[in-house]
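> Take this sequence and fold it.
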Amino acid sequence: MNGTGNTSKNVLGSDVEIKGSLKFAGELTFEGKLEGDVQTDGMLHLGDSAIVNGNINAQSVVVRGKINGNINAKEKIEIKAKTELFGDIRASKLVIEEGVTFVGKTEVNPNKVAPSANMQRPGEAPKAPEPPKPLGR
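Next up, the predicted model:
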């Protein structure tokens with residue numbers, strides 16, 4: 001772990017059903033059913049019985065269960081065996097185990113700086129790009 005020491009760990013069991021968005025800090029293990037989005041700067045663990053219909057934005061995510069939505073992680077996405085994931089994923093690191101059903105696009109870029117508040121929004125004029133680096137010819 002990242003050694004913060006005061007990370008809160010929360011568990012929502014398989015009998016939990018949520019309709020609406022879920023926000024938390026620290027670490028959450030979710031085994032239930034969620035109709036809505038997840039937003040966190042922490043870590044999300046989805047259990048084998050988890051069913052999520054919505055988008056996930058997190059620091060890092062361990063994915064199990066059935067997910068129908070996009071996953072965006074600043075650090076890492078781990079997709080465990082027997083997961084069914086229908087949606088696009090974006091992370092700086094990606095681990096996919098054998099036996100996963102995944103339908104969607106991936107963007108894995110370890111060198112990309114995490115999105116910040118001053119990033120370009122659709123429709124805005126682009127900021128001045130860095131000049132391309134020569135290819136050593």
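> How many residues are close by residue 20?
Neighbour count for residue 20, taken as other CB atoms under 10 Å: 9. For the C-beta atoms, the positions are set from N, CA and C on the backbone; glycine is no exception.
> Identify the residue spatially nearest to it, adjacent ones excluded.
Using CB to CB, 6 or more residues apart in numbering and skipping residues adjacent in sequence, the residue nearest residue 20 is residue 36, 4.7 Å away.
> check contacts around that neighbour.
18, 19, 20, 21, 22, 53, 54 (CB atoms under 8 Å, 6 or more residues apart in numbering).
> Of the residues you listed, which is the nearest to residue 32?
When these are compared for distance to residue 32 (CB to CB), residue 18 wins out at 6.8 Å.
> Would you check that that closest one makes contact with residue 38?
No. The pair residue 18 / residue 38 is not scored as a contact, 9.6 Å apart, by CB atoms under 8 Å.
> more neighbours, those two?
Shown here are residue 18 and residue 38; by other CB under 10 Å, residue 38 has more neighbours (23 against 16).
> can I assume the more buried one is in contact with residue 22?
Yes. Residue 38 is within contact range of residue 22, at 4.8 Å (criterion: CB under 8 Å).
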